[in-house]
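Peer 1: quick one, structure for this:
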Amino acid sequence: MSQTTPYAALDAWVDQHFDEEVRFLQALVQVPTDTPPGNNAPHAERTAALLQEFGMQAEKHAVPTEEVQAYGMQSITNLIVRRPYGPAGSGRTIALNAHGDVVPPGEGWSRDPYGAEIEEGRLYGRASAVSKSDFASFTYAVRALEAVARPSKGAVELHFTYDEEFGGELGPGWLLKKQLTKPDLMIAAGFSYEVVTAHNGCLQMEITVHGKMAHAAVPHTGVDALQATVALMNALYAENAKYKQITSAVPGISHPYLNIGRIEGGTNTNVVPGKVLLKLDRRMIPEENPVAVEASIRAVIAQSAADFNQLHGLEGEDAVRMDIKRILLARAMTPLAGNQPLVDAIQQHGEAVFGEKPPAVGTPLYTDVRLYAEQGIPGVIYGAGPRSVLESHAKRADERLELEDLRRATKVIARSLHDLLT
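Peer 2: Next comes the predicted model:
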C-alpha cells in the first residue's frame, strides 16, 4: 500500500460528502449568535442536534446564568464531543476548538446576514468565515478520519464554545478551569491560509469622564466633560504614535497600537455634557508585559485629568474625574515548543492540497486560543478561511467563505489528524 493511499482516501471521502458539509454549515449560519446580546444557548442546542445525526454525542456544559449575565451576555452552553480511539493514555488527545458567537451584522449587507446564501461558489452570512466554517471543517475532518483511517489510539475532542467575542473566559477558559478537558494538543479555528503560532494580547478599558452638567446658555456654571475627553483622546493618540517605535520579532506582527472604538455622552444639544464614556482597545505584541502596559495607560489617563484641571483652574468638587474600568485583559499567545508536530503536519498537507506551503506566523488579532496556551497546551490556529482576513469580510458587511477553501481546509485537517493519531 503506498504512503499516499490514506490521504487520497480521506480526500475522496471529503469530496463525496462535501454538499452535506455545506448544508451543515448553512444550518449553523442560519441560527443567529449576535454577541452582544449573547443569547447563544439556542445555537448550541441546534449544533448538538445536528451532531447527533452523525452519531456524535455532544456534552452540553451550560455556564450558570448568573455568571453569564454578570459578564454581559444572556446564555452560554459550551459543547464537548469526545471521540476516543484507544485505551486511555494510548496516544495524544487533540482538541479542535471553534467559537459560535459573533459580532452583530451591522449595516451595509447586500444579502440576508443569516440567509447562508450561496452565489458563485461563496457562502454569505455572518460567521460564515469566522468561525462557524470550522464547526464544519473540524466535524467533517473527524468524520472522514473515522470513516477512512479508523485510528486505534489517542482521541479527538471537538470544543464548540460561545465566548470568543467577550474574551473566552466563559468559553474555553470555563471548560479548562472546571477541568472538563485537558488535551495534549489543540487546533483552533482559522481565518487565513496561514498556520498561526502566536498572536497579540489585548487590553480593553472603559473610561468615564465626569464633569458638571449645565445649561448651554451659562456654560461657565458647568464643567465640560466632552472637552476633557477630547484632551484625553489627544493624549492617547499621541501614545499611539509612539507605539510604532516598538517592534515585534514575531513574523506577521508589527507593533502595538491603540484604538478608541466607542464614545458616548451628553444629554442634549443645549446642555454642557456632564459625563462622557469612551472605550479603548490596546493591542499588545507578545514581547510586552501586560501589567506594565496597563499601568502606562492608567498613568496617561491620570496625567490628562491633572493637566486639564490645572489648565482650567479646577479643583475640589469642580475638578474633572476620570474613572477607569478594565473590561478585558487577554494575554498574547506565544509559541509553545510542543506545537511543532501540528505545524509540520499542517504545513506538509497544506502544501499538498493548496499547492503552496502555508507559512507559520503570528497575527495581530487576539483569540481565546491563548487560554489553552496558558494551561501549557501547545496549539496553532488553522482552519477554513481565505488567503487573508480582509478577503473574508469578517466582522464587516457581506462576510463570505469560498467553499473551495472549506473543502481544502477540511482535507488538510483530516490528513493532519491522521498523522498525529496513527
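Peer 1: what distance do you get for the residue nearest to the spatial centre of the chain to Arg331?
Peer 2: With distances taken as C-alpha atoms, centre = their mean, Thr367 lies nearest the centre of the chain, 3.9 Å away. The spacing between Thr367 and Arg331, counted by C-beta to C-beta, to the nearest Å, is 11 Å. Just so you know, the C-beta spots here come from the backbone N, C-alpha and C atoms, and that holds for glycine as well.
Peer 1: so which elements touch the helix or strand harbouring Ala299?
Peer 2: Taking DSSP states H and E as the definition, Ala299 sits inside helix 290-312. Packing partners of helix 290-312 (3 or more C-beta pairs under 8 Å, 6 or more residues apart in numbering; DSSP states H and E): strand 201-210, helix 225-243, strand 275-284, strand 321-330.
Peer 1: shaky segments in the chain?
Peer 2: Filtered on pLDDT under 70, the chain yields the residue ranges 1-4.
Peer 1: what ranges does it have for its helices?
Peer 2: 5-16, 18-29, 41-52, 65-71, 132-144, 172-177, 225-243, 290-312, 340-354, 370-374, 389-392, 403-421 (DSSP state H).
Peer 1: any chance of those helices in TSV, with distance to Arg326 and mean neighbour count too?
Peer 2: Compiled in TSV, those are given as follows (distance: least, C-beta to C-beta, whole Å; neighbours: other C-beta atoms under 10 Å):
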stretch	distance to Arg326	mean neighbour count
helix 5-16	44	18
helix 18-29	33	19
helix 41-52	27	18
helix 65-71	14	14
helix 132-144	30	29
helix 172-177	16	21
helix 225-243	16	17
helix 290-312	7	15
helix 340-354	32	19
helix 370-374	17	23
helix 389-392	26	18
helix 403-421	36	24
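Peer 1: identify each buried residue in stretch 270-288, please.
Peer 2: Residues of stretch 270-288 classed as buried by neighbour count (16 or more other C-beta atoms under 10 Å): 272-286, 288.
Peer 1: could I get the CA-only coordinates of it as CSV?
Peer 2: Only the C-alpha atoms of stretch 270-288 are listed here, as CSV (Å, rounded to 0.1, in the frame of the first residue of the first chain):
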residue,chain,number,x,y,z
ASN,A,270,-28.3,72.7,24.7
VAL,A,271,-26.6,71.1,27.7
VAL,A,272,-23.0,71.1,28.7
PRO,A,273,-22.0,67.4,28.9
GLY,A,274,-21.6,66.2,32.4
LYS,A,275,-20.4,62.7,31.6
VAL,A,276,-18.7,61.0,28.7
LEU,A,277,-17.8,57.4,28.3
LEU,A,278,-15.2,56.0,26.0
LYS,A,279,-13.9,52.5,25.3
LEU,A,280,-10.4,51.8,24.1
ASP,A,281,-8.6,48.7,22.8
ARG,A,282,-4.8,48.4,23.3
ARG,A,283,-3.2,45.6,21.3
MET,A,284,0.0,44.2,22.9
ILE,A,285,2.7,42.4,21.0
PRO,A,286,4.0,39.1,22.5
GLU,A,287,7.1,40.8,23.9
GLU,A,288,5.2,43.3,26.1
